[in-house]
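A.B. asks: Provided below for reference: sequence and predicted model.
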Amino acid sequence: MDKLTIAIDGPAGSGKSSVARSIAATLGYLYLDSGAMYRALALKALERQVPLSDEAGLAQLAKETHIGLEPPTTEQERAGIKNRVWLDGREVTEAIRTGEVAQAASRLATLARVRQILVAEQQRAGAGGGVVMEGRDIGTVVFPRAELKIFLDASAEVRAERRWKERQEKGDAMTLDEVRKEVRERDKRDREREVSPLVRAGDAILVDNTAMGVEETARLVIMLVRQRQEELTRATRRDA
Ligand code: CDP
Ligand code: CDP
């Protein structure tokens, strides 16, 4: 059985990273967090003080930037890190997980020329199949022919609470209200932008995990993977 390409999209805090990483481990697939790429580029733009409205400057910055994604070390994994991120050879795994970087990422993610460069990299990284990629436009733009597309969602309140809890565990002083505002603003910008907005692809399966934990959601998605694999096997036999 050929390995599938699995696209997981959804708003902030819907469980994409946790679920994608868990199912990639179960299936022996590569897990790729496309949002980490937008965040890493945003961090560099903030550091270099490139205005987040300067499309040409940011596209140039994207071209000159090397972003690497790797599985976490055992120690990082124990600390809840799902993905190791490198920016031009420097580890930025933790540095990109702040509210400021998240907001900057969602602002530069509205720019077509910046997206074009990151999307091409994402397509190269996942070209071999056997990959679970998560983000906002994976099923619509990056891998429109992915064999399985999941749109993960949860209520806005639950998503903000999850993010707040995570921040608290890291010793971040943000209040629940501030996190709620950050998540709401970013969701709105991601859903309303002109280029590749966050929308459910017509053929994506909606999984609402408001009342489900990570493990339960991952088990459900694995069932959907198995079902899809069986369908594809049957279709191949029919054609043979
Ligand atoms: O990647 P995304 O922003 O969609 O979400 P995440 O980083 O995977 O999940 C945000 C937080 O919610 C993590 O701490 C997860 O453990 C938690 N979570 C949860 O409690 N129940 C779920 N069904 C999904 C995520
Ligand atoms: O983890 P969380 O869901 O909060 O965000 P993320 O996946 O790390 O993505 C950060 C930001 O990058 C999002 O708010 C989007 O604006 C942008 N993004 C995007 O536009 N397209 C993607 N495929 C992934 C992320």
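C.D. replies: Sure thing, it's come through. Ligands and ions are numbered 1, 2, ... in the order given.
A.B. asks: so who does the nearest residue to residue 89 once chain neighbours are set aside touch?
C.D. replies: Take residue 89 and drop its neighbours on the chain: the residue closest to it by Cβ to Cβ, 6 or more residues apart in numbering is residue 66, 7.2 Å away. Bear in mind the C-beta positions are built from the backbone N, C-alpha and C, glycine included. For residue 66, the contacting residues are 86-89, taking Cβ atoms under 8 Å, 6 or more residues apart in numbering as the criterion.
A.B. asks: quick one: is stretch 193-200 near ligand 2?
C.D. replies: No - residues of stretch 193-200 contacting ligand 2 under Cβ under 6 Å from any ligand atom: none, with a closest distance of 6.8 Å.
A.B. asks: give me the buried subset of the contacts of residue 66.
C.D. replies: When burial is judged by neighbour count using 16 or more other Cβ atoms under 10 Å, the buried members of these are 86-87.
A.B. asks: out of the contacts of residue 66, who's nearest residue 157?
C.D. replies: Looking at the contacts of residue 66 and their distance to residue 157, the nearest is residue 87, at 32.9 Å (Cβ to Cβ).
A.B. asks: beta partners for the closest one?
C.D. replies: Residue 87 forms beta bridges with residue 67, residue 90, as assigned by DSSP bridges.
A.B. asks: going forward, begin numbering at 553 instead of 1
C.D. replies: With 553 as the first residue, the last one maps to residue 639.
A.B. asks: tell me the confidence at it?
C.D. replies: The confidence metric pLDDT takes the value 98 at residue 639.
A.B. asks: same check, this time on residue 553
C.D. replies: Residue 553 carries a pLDDT score of 62 in this model.
A.B. asks: in a markdown table, list the contacts of residue 618 along with distance to ligand 2.
C.D. replies: Below are those laid out as a markdown table (distance: Cβ to the nearest ligand atom, whole Å):
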| residue | distance to ligand 2 |
| --- | --- |
| 638 | 15 |
| 639 | 14 |
| 640 | 19 |
| 641 | 21 |
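A.B. asks: how much distance is there from the helix or strand bottoming out on mean pLDDT in the chain to the middle of the chain?
C.D. replies: When the helices and strands of the chain are compared on mean pLDDT, DSSP states H and E, helix 626-630 comes out lowest with a mean of 92. Distance of helix 626-630 from the chain centroid (Cα atoms, centre = their mean, to the nearest Å) equals 20 Å.
A.B. asks: quick one: it near ligand 1?
C.D. replies: No - interface with ligand 1: helix 626-630 contributes nothing (Cβ under 6 Å from any ligand atom), its closest point being 12.8 Å away.
A.B. asks: show me what that helix is packed up against.
C.D. replies: Helices and strands in packing contact with helix 626-630 are not found; criterion 3 or more Cβ pairs under 8 Å, 6 or more residues apart in numbering; DSSP states H and E.
A.B. asks: need the residues of this protein near ligand 1, please.
C.D. replies: Counting by Cβ under 6 Å from any ligand atom, the residues of the chain lying close to ligand 1 are 562, 564-570, 714, 718, 761, 764-766, 769.
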